[in-house]
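# take a look and give me a structure for this.
(chains A and B)
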Amino acid sequence: MSTLNGVSYGLLLFMLSAGLTLIFSMMGVLNFAHASFYMLGAYFAYQVSSWTNFWVAFVVAPLLVAVLGGLFERAVLRKTHRFGHVAELLVTFGLSFVILELVQLVWGRTAVDYRVPAALDGALFQLYNANFPTYRAFMMVVAIAMLLALFLVLRKTRIGLVIQAALTHPETTEALGHNVPRVFALVFAGGCALAALAGVIGGNAFITEPGMAQAVGAIIFVVVVVGGMGSLAGALIASLLIGLMQTFAIGLDWSFIGALKSVGVEVTPESFGYPLWKLKLSQVAPILPYLLLVVMLIVRPKGILGTRDD
Amino acid sequence: MKFNVKPAALAVAAVAAVVALSGAAHAQNVKVAFIEGLSGPFGGVGQNQLKHFQYAAERFSGKQANSGVTVEIVPMDSKGSPQEALALLKKASDEGIHFVAQGNGSNVAGVLIDAINKFNERNPGKEVVFLNYAAIDPDFTNSKCSPWHFRFDGGVDMKLEALTNYMKDEKGIKNVYILGQNYSFGQQVSKYTKEMLAKKRPDVKIVGDELHPMGQVKDFSPYIAKMQAANADTVVTGNWGADLALLIRAANAAGFKGKFYTFYAGVIGTPTAIGAAGADRVYMVSYWHPNSAQSQIESLYTGFKQRFNEEFYTVAAVNAVRYLVAGVEKAKSTNAAAVAKAMAGMKMKGASGEDIEMRASDGALQQGMYVAEWTKAGGPAVKFDQENTGFGFKTVRYLMPEQAAMPTTCKMPKRP
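A predicted model of the protein is given here:
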């Protein structure tokens, strides 16, 4: 059960970070507004599904966000590009605040009632008298389908070839008659759409509120750094690792007290540093990814599958 | 002191106008700094509470209340952080604001109490009074009690007294799981639940006692899986805001059939998450709920909903404003020390017509406590549903103020 929970949470993290790592590897832009596009995806899906139904929203919301992302790249990012990466970073940072305020203006500061569609509500199967929700299975299927599609597009199609060429040799690709700026806009829009797709299926599984971008913002950077900057496969491994780590840690009541007891040392509330010793692994579980980030940066700064050394 | 209901008859209105005019002759303005997280993970709750205070100030001070005392609420965004709250407290006192309201987070309330104690000691004549409307760590009215702190919510001890009073008669309860946010409040809930259940239901087993970081967890399904593995049939949780909404949503999704005993199931956003799946198995303890036996406060509930399209919930905000106005009237001064002295020991009629008292010995408002069940709306017992879900709260137990009263170990310093 914990494995399934962990894998499904990990796959959602992957959907989120895939777009970020894609944009970073193609354009060298660390998009601080990425989690905001995730939020936009959820809110658009809520709005569209309240007018029509979930399945329309499932298709329309990522497309809408992709258009917005493409426009932003074209109108703002391309202009700031020549001022260097710091300017790009700052402009996406600013964008995240703009999106947050806009969302609060339009939909208010509290959570909206974005629900799982009735067809996917309920249990798929039972395991040790716990239900596995159908919607979790749906999330996993979507994430895996996205992974496959991404792989096929990048490796097997002409567009994928052009994108890869534009990444390493932009001048040559341009000389061959390809519109490299348009390729970049396409990649940026695609990355945003992936984040939005994660928002569409994550928003109703968890909660759709203005704080949701901030809540995942930190964790997806952990995924990208741990996995290796710009490595899709690395992001996948890191997402699953973090998902599983968090879920399993919650299930474990290990603490220093138990460990010390097994080597014959008794710890009582009077012992020095008791509040630290009594901390259970389950209690610190949500902080573990950040610990992993720090350890990773010390031991292997380029990440699991990272290639960049700078 | 009674609730002042909008007078319907013209004659009454005329009399009221005269009274208001005479009051205006020595009108007094009182500013209250509302220091709360108005953005961030719990921003939604803070914004909603702010509206409660603004609405209470409109209805229970100034012209509408025929009072010469007008309360003005000054919102200040602490982002839920104790450090920011301290800076804002300084800002408020610099601006000459001597009344502070806060409630979301006992961690923030704790540092405010300490800071106010120190500040008042060093600045006689410029004292600051703390109107605490929701931070319910019992230490604030016991070991850390202060003559400057007034709590209008029920303490964790009072609330768990009511909750365990109901739980002791529920024979289905066998395995209890305690889950809370990892800060003073969550720790107190765990401590008192274990103590009181051991006394009232020694046969009940505590199968889990878990704390998680506040506002950090997005996916509660691993916690639910742990509860299921532990065979829990009952969960006691102090979680509030998104932490409670997500918890119950995960429980519904995983088909967890146990019952939830909560403190804050009625707070904005949570009823939506509970929905139909939580019917007849989510409970809440509070000093009021929309379907409780109420006197004139129903017009407040409907008026608030009409005005903001949000649920009215925080009667403590109303009581804080009423006590403040009555305190200023009694002291005939807006000097915070004089008002604090006037409020201590003051008696009023509460939301359900019960006799409430701001106990002078510890600064805890003595009031009735309800245990309510989440159930299908309609019928006389559940007149109002919550957040248009079609479900609402039904009273299953009511404790009179003297039944909910808890002893205090407070050695109150002499009030100046």
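# CA atoms for contacts and neighbours, from now on please.
OK.
# got the phi/psi numbers for residue B:179?
phi -130, psi 140 (degrees, to the nearest 10).
# quick one: end-to-end length of stretch A:297-305, please.
13 Å (C-alpha to C-alpha, to the nearest Å).
# which residues sit against it?
Stretch A:297-305 is contacted by residues A:225, A:226, A:227, A:228, A:229, A:231, A:233, A:234, A:238, A:296, A:308, A:309 when judged by C-alpha atoms under 8 Å, 6 or more residues apart in numbering or on different chains.
# buried sites along that stretch?
A:301, A:302, A:303, A:304, A:305 (16 or more other C-alpha atoms under 10 Å in any protein chain shown).
# tabulate these (JSON lines), appending secondary structure and pLDDT.
Output for those, formatted as JSON lines (DSSP: H, G, I helix; E, B strand; the rest coil; pLDDT from 0 to 100):
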{"residue": "A:301", "secondary structure": "coil", "pLDDT": "80"}
{"residue": "A:302", "secondary structure": "coil", "pLDDT": "80"}
{"residue": "A:303", "secondary structure": "coil", "pLDDT": "79"}
{"residue": "A:304", "secondary structure": "coil", "pLDDT": "79"}
{"residue": "A:305", "secondary structure": "coil", "pLDDT": "77"}
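# got the contact list for residue 92?
Looking at chain A here, since you left the chain open. Residue A:92 makes contacts with A:31, A:32, A:33, as judged by C-alpha under 8 Å, 6+ apart.
# my bad, the chain I had in mind was chain B
Taking C-alpha under 8 Å, 6+ apart as the test, what residue B:92 contacts is B:33, B:98.
# next one: it from residue B:73, what distance?
For residue B:92 relative to residue B:73 (C-alpha to C-alpha), the value is 12 Å.
# list residues touching both of those two?
residue B:33.
# which residues in the stretch 1-150 of chain A form strands?
Taking DSSP state E, counting those that start in this stretch as the test, the strands found in the stretch 1-150 of chain A are A:123-127, A:130-133.
# deepest-packed of these, please.
strand A:130-133 (a mean of 20; mean count of other C-alpha atoms under 10 Å in any protein chain shown).
# and residue B:283, what are its bridge partners?
Going by DSSP bridges, residue B:283 is paired in beta bridges with residue B:261, residue B:373.
# enumerate every residue touching it.
B:259, B:260, B:261, B:262, B:265, B:371, B:372, B:373, B:374.
# now the contacts of residue A:92 as CSV including distance to chain B, pLDDT and neighbour count?
Converted to CSV, the contacts of residue A:92 look like this (distance: C-alpha to the nearest C-alpha, whole Å; pLDDT from 0 to 100; neighbours: other C-alpha atoms under 10 Å in any protein chain shown):
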residue, distance to chain B, pLDDT, neighbour count
A:31, 21, 85, 26
A:32, 17, 87, 22
A:33, 17, 89, 26
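# buried set for the helix or strand where residue B:307 lies?
Using DSSP states H and E, the element containing residue B:307 is helix B:298-308. Across helix B:298-308, burial judged by 16+ other C-alpha under 10 Å covers B:298, B:300, B:301, B:302, B:304.
# within reach of chain A, which of those residues are there?
When contact is defined as C-alpha under 8 Å from any C-alpha of the partner chain, the buried residues of helix B:298-308 do not meet chain A at all.
# farthest pair in the residues you listed?
Greatest spatial distance among those (C-alpha to C-alpha): B:298 and B:304, at 9.8 Å.
# thought residue A:195 was touching residue A:37, still the case?
Yes. Counting by C-alpha atoms under 8 Å, residue A:195 is a contact partner of residue A:37 at 5.9 Å.
# let me see the backbone angles for the spatially closest residue to residue A:279 that is not a sequence neighbour.
Nearest non-adjacent residue to residue A:279, counting by C-alpha to C-alpha, 6 or more residues apart in numbering or on different chains: residue A:255, 5.9 Å away. Backbone geometry at residue A:255, expressed as degrees, to the nearest 10, gives phi -150, psi 170.
# distance of residue A:255 relative to chain B?
As judged by C-alpha to the nearest C-alpha, to the nearest Å, residue A:255 and chain B stand 13 Å apart.
# what strand or helix carries residue 162?
Just so you know, I chose chain A. Counting by DSSP H and E, residue A:162 is found in helix A:158-168.
# chain B is the one I meant
Per DSSP H and E: helix B:156-167 holds residue B:162.
# determine the set of other helices and strands touching that helix.
With contacts defined as 3 or more C-alpha pairs under 8 Å, 6 or more residues apart in numbering or on different chains; DSSP states H and E, the packing partners of helix B:156-167 are helix B:184-200, strand B:282-286, strand B:369-376, strand B:391-399, helix B:401-404.
# residue numbers of chain A in contact with chain B?
A:1-2, A:5, A:9, A:109-113, A:121-123, A:128-133, A:206-207, A:211, A:215, A:247-248, A:250-251, A:282-284, A:286.
# buried only: go through those residues for me.
Of the residues of chain A next to chain B, these count as buried by 16+ other C-alpha under 10 Å: A:1-2, A:5, A:9, A:109-113, A:122-123, A:130-133, A:206-207, A:211, A:215, A:247-248, A:250-251, A:282-284, A:286.
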